[in-house]
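In: Based on what follows, work out the 3D shape:
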Amino acid sequence: MTDLQIKDVVIPRTDTIFLSPVYSGLREEIFSKPTEAYDPYRFLAPRNEHEKHTHGWVGFGGGRHRCLGEQFAYVQIKTIWSYLLRNFELEAPSALPVPNYEALVVGPKPPALLKYRRRAQPLV
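Out: Have a look, this model is predicted:
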């Protein structure tokens, strides 16, 4: 392994490089208007903006060492949200909280309030 030079920066071979999932989602060369609002449709056809570059989205890492739990995480997320949305009415009682970028995984800064009410009949 040798030192790596990218433009005018030399990264010594003994250094470790970390990618930021947060930063990857804010790259204007990959996503259109990434800082204005989160747009989940950017990941869907026909846009597929995350496919403009091989590492356009690194939410679960990239290359040979992608997160082994990625597919399990997707199953968990879909299962939990499916249950919540079918069985509860959800409402934000006030303005949505700003993102907290100080943690490993971005979440809302407290307080993150949510009103919920069980539906009389679950959605089908």
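In: What lies in contact with the helix or strand of the chain with the lowest mean pLDDT?
Out: Lowest on mean pLDDT, DSSP states H and E among the helices and strands of the chain sits helix 21-24, with a mean of 80. Residues from elsewhere that reach helix 21-24, judged by C-beta atoms under 8 Å, 6 or more residues apart in numbering: 30, 55-60, 101, 106. C-beta coordinates here come from the backbone N, C-alpha and C atoms, glycine included.
In: can you put those in CSV and add secondary structure and pLDDT?
Out: Compiled in CSV, the contacts of helix 21-24 are given as follows (DSSP: H, G, I helix; E, B strand; the rest coil; pLDDT from 0 to 100):
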residue, secondary structure, pLDDT
Ile30, coil, 89
His55, coil, 79
Gly56, coil, 80
Trp57, coil, 80
Val58, coil, 83
Gly59, strand, 80
Phe60, coil, 83
Tyr101, coil, 82
Val106, coil, 83
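In: Filter those residues down to the buried ones, PyMOL style.
Out: To isolate the buried subset of those in PyMOL, counting by 16 or more other C-beta atoms under 10 Å, use the following:
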select buried, resi 30+56+57+58
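In: one step back: for whichever helix or strand comes after the least confident helix or strand of the chain, what does the pLDDT average out to?
Out: As assigned by DSSP states H and E, the chain's next helix or strand after helix 21-24 is helix 70-87. Average pLDDT, helix 70-87: 96.
In: Helix 70-87: which residues count as buried?
Out: For helix 70-87, it's none, nothing buried (16+ other C-beta under 10 Å).
In: returning to what we had before: show me what counts as buried in the least confident helix or strand of the chain.
Out: Ser24.
In: what separates it from the chain centre, distance-wise?
Out: With C-alpha atoms, centre = their mean, to the nearest Å as the basis, helix 21-24 stands 8 Å off its chain's centre.
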